[in-house]
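Asks: Need a 3D model of the following:
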Amino acid sequence: MVVRECLPSCERFNDPVVAESQVNQQANRPFAMKTLIFFLVLITATFTGAQTSVPYRLRVATYNIEFGRSCKPEELGKMLAEYRFDVVALCEAPGGDWVKRAGEAAGLTNVFLGKLSSANHKDKYKAILSRTPLTDSQEIKLDGQGWNPAGAVRAVTTIAGQPVAFYSLHICGNARKDPAGKLLKPGHSHDLAQHLKDKEPIRHVIVMGDFNNTLKESAMSVLLDAGMKAIWSDLTINLDAQFTWNALDPKQNAGVIDHVLYRDGVGMRTLAGGIIERQPPLSDHKPVWAELELSNGYEKK
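Replies: Okay, here's the model as predicted:
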């Protein structure tokens, strides 16, 4: 269930006290008329399904589950259910009914599982799990430096009356440069940035997954330049002291390489979020979560 901000209830208007004198009755008539008009408008709005702009909150997470090597689907689902997420992006997910079973245990019964396995390895698919129905699902193959194929799955769901496009991805790190400091070859993030700019028609967009790049690397800058914003920009977390891989062997870590991005300038912001620390780990990655606000969502009255 999406957690909503509580809205103040409508102010109650009391009928004016009828005075004994005719003069006071005449004086109170304008206020009584305004009160009557107010309630007529309120009743009309109720029966015609008028919409009122309200801020909505949704909880999302991304998790590279390392092809389910360290957990069963029901175990993962139980863990996700504890946080009451609305949408979860999985990568390196097993094929078959594994993701569906995890989604059922998590209360996220709307599932889209891709068919493109990262680097053609076994059971490294991308998936989106949602409380609300998913539409317009598709898989996007991304080309770039490093291992291939890489890609993302995309699906749209409706939050507070607004369509929101979700992406779950798994891409390769892109840090190889020539002596002048220029990338030898554009990475998967370049391909994704171009797709978001040219082919994504939905206004509200959230991209989650294992980017294999820290926020400081140029591969991430390409996405930020394409109008995306990382949740870390809204939070007071020192990423230099954190990591999302390797949860199973902390001495061997690559920093924070799993991210949640959202399209900037469309009425979205991060209210809370971070890295979930869990013992024992259910994967070699740590999950990243965020609570986002859609300030121009709509609640049907």
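
Asks: now the strands: where do they sit in the stretch 201-301 of the chain?
Replies: Listed from the start of the chain, the stretch 201-301 of the chain has strands (DSSP state E, counting those that start in this stretch) covering 204-210, 228-230, 258-263, 268-275, 288-300.

Asks: partner strands of the first one, parallel or antiparallel?
Replies: Partners of strand 204-210 in the sheet, by DSSP bridges, are strand 162-170 (parallel), strand 258-263 (antiparallel).

Asks: Not counting that strand itself, show me its contacts.
Replies: Contact partners of strand 204-210, identified using CB atoms under 8 Å, 6 or more residues apart in numbering, comprise 60-62, 64, 87, 89, 91-92, 126, 152, 159, 162-171, 192, 196, 223, 228, 257-263, 266-268, 285, 288, 292, 294. For glycine as for every other residue, the C-beta is placed from the backbone atoms N, C-alpha and C.

Asks: Show me which of those are buried.
Replies: Neighbour-count burial (16 or more other CB atoms under 10 Å) is assigned, among the contacts of strand 204-210, to 60-62, 64, 87, 89, 91-92, 126, 152, 159, 162, 164-171, 192, 196, 223, 228, 257-263, 268, 285, 288, 292, 294.

Asks: check contacts around the closest residue to residue 117 other than its chain neighbours.
Replies: In space, and not counting its chain neighbours, residue 117 is closest to residue 124: 4.7 Å by CB to CB, 6 or more residues apart in numbering. Going by CB under 8 Å, 6+ apart, residue 124 touches 67, 91, 92, 93, 117, 118, 170.

Asks: As TSV, the strands paired with strand 204-210 with mean pLDDT and distance to residue 204 would be great.
Replies: Listed next are these as TSV, based on pLDDT from 0 to 100; distance: least, CB to CB, whole Å:
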stretch	mean pLDDT	distance to residue 204
strand 162-170	97	4
strand 258-263	98	6
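
Asks: can you list the weak-confidence ranges in the stretch 151-300 of the chain?
Replies: Residue ranges of the stretch 151-300 of the chain with pLDDT under 70: 175-185, 296-300.

Asks: From the recorded domain assignment, give the ranges for the chain.
Replies: 22-48, 58-300 (automatic domain parsing).

Asks: How far does the longest one sit from its chain's centre?
Replies: The chain centroid and the centroid of domain 58-300 are separated by 9 Å, computed with CA atoms, centre = their mean, to the nearest Å.

Asks: Which parts of stretch 202-209 count as buried, going by neighbours?
Replies: Within stretch 202-209, the residues that count as buried by 16+ other CB under 10 Å are 204, 205, 206, 207, 208, 209.

Asks: so what's the third one bridging to?
Replies: Residue 206 has these beta-bridge partners by DSSP bridges: residue 166, residue 262.

Asks: one step back: from the contacts of residue 124, which is closest to residue 236?
Replies: Nearest to residue 236, judged by CB to CB, of the contacts of residue 124 is residue 91 at 27.0 Å.

Asks: Can you show me the helices along the stretch 1-150 of the chain?
Replies: 22-48, 73-81, 98-106 (DSSP state H, counting those that start in this stretch).

Asks: Just the mean pLDDT for the longest one, thanks.
Replies: Okay, so that is helix 22-48. Helix 22-48 shows a mean pLDDT of 50.

Asks: got it, and the second one?
Replies: For helix 73-81, the mean pLDDT works out to 98.

Asks: From the buried residues of stretch 202-209, pick the one nearest residue 82.
Replies: Of all the buried residues of stretch 202-209, the one with the least separation from residue 82 (CB to CB) is residue 208, at 18.7 Å.

Asks: neighbours of residue 142, just the number please.
Replies: Using other CB atoms under 10 Å, residue 142 has 22 neighbouring residues.

Asks: check contacts around it.
Replies: By CB under 8 Å, 6+ apart, the residues touching residue 142 are 149, 150, 151, 152, 169, 171, 188, 191, 192, 195.

Asks: 7 Å instead, please
Replies: 150, 151, 152, 171, 188, 191, 192 (CB atoms under 7 Å, 6 or more residues apart in numbering).

Asks: Keep only those of those residues that are in strands.
Replies: 150, 151, 152 (DSSP state E).
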